[in-house]
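Visitor: What shape does this take:
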Amino acid sequence: MEEFKPNLYDLLLTDIYMPNMNGFQLCEKILGLDINFRVCFMSALEVNAEALREAYPKVRFGCFIEKPITIEYLVKRLSAELD
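Guide: Reported below is the predicted structural model:
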């Protein structure tokens, strides 16, 4: 969070499960500083997208990427999200 600069980024790519703060909490904090970005979440665990949308209504969900992934697939998904 200390390194974040508003209006600089087009996309936030974050893992869902992280120590100290999950990806949704991170997204909500960043949305308080900048609303002009898209979000893609990554996780090795199965994700119930609808339940998460209900639990975090302020988060602007983009794509959910299940790990493990290849770099080619990651680039393809992120490029599609930015188009």
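Visitor: Give me the phi and psi for the residue lying closest to Leu12 once chain neighbours are set aside.
Guide: Leaving out its chain neighbours, the residue that sits closest to Leu12 by C-beta to C-beta, 6 or more residues apart in numbering is Val39, at 4.8 Å. C-beta: built from backbone N, CA, C; applies to glycine. Taking degrees, to the nearest 10, you get phi -130, psi 130 for the backbone angles of Val39.
Visitor: Model confidence score at Val39, please.
Guide: In the prediction, the pLDDT value recorded for Val39 is 88.
Visitor: dump the residue contacts of it.
Guide: Leu11, Leu12, Thr14, Cys27, Val59, Arg60, Phe61, Gly62 (C-beta atoms under 8 Å, 6 or more residues apart in numbering).
Visitor: Most widely separated two among those residues?
Guide: The distance between the two most remote of the contacts of Val39 (C-beta to C-beta) is 13.9 Å, for Leu11 and Val59.
Visitor: Perfect, that will be all.
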